[in-house]
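Asks: test case, fold it:
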Amino acid sequence: MDENADITFALSGAEKKKLRGQAQLLEAKISVGKNGLVPETLKTLNLMFKKEPLLKVRFAEGRAEMKAQIAEIEAGTQSVCVGHVGRTASFFKNTPDTL
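Replies: Sure, this is the predicted structure:
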């Protein structure tokens, strides 16, 4: 099992599919620029997750950097990436009243 398993949670394939469909209709709320993922970005994402459980993030860097930044966001916000297309990724954070 993953060492972050106690921090994050697992979603079934059907749940991820449902969330990806919902995320397609969302605009990217925040962008990770060429300077990478800074602490202020994680702080902003955590505040945004208090208002909405599903967020879309746009990335400026290439695929390899993006994958590393996705992992950092998951760990820093205790969320799960439910999918990514191009340079955007959708994240879901479980709260008691979601799903």
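Asks: ok, now which ones touch Met66?
Replies: Contact analysis of Met66 by C-beta atoms under 8 Å, 6 or more residues apart in numbering lists Phe59, His84, Arg87, Ala89. In this view, the C-beta of every residue, glycine as well, is placed from N, C-alpha and C.
Asks: try 6 Å
Replies: By C-beta atoms under 6 Å, 6 or more residues apart in numbering, the contact set of Met66 is Phe59.
Asks: element containing it, please.
Replies: Using DSSP states H and E, the element containing Met66 is helix 63-77.
Asks: can you list the buried residues in the helix or strand just after that helix?
Replies: Past helix 63-77, further along toward the C-terminus, the next helix or strand under DSSP H and E is strand 80-85. Within strand 80-85, the residues scored as buried using 16 or more other C-beta atoms under 10 Å are Val80, Cys81, Val82, Gly83, His84.
Asks: tell me which other helices or strands the following helix or strand past strand 80-85 touches.
Replies: Of the helices and strands lying after strand 80-85 in sequence (DSSP H and E), the nearest is strand 88-92. Helices and strands touching strand 88-92, by 3 or more C-beta pairs under 6 Å, 6 or more residues apart in numbering; DSSP states H and E, are strand 54-59, strand 80-85.
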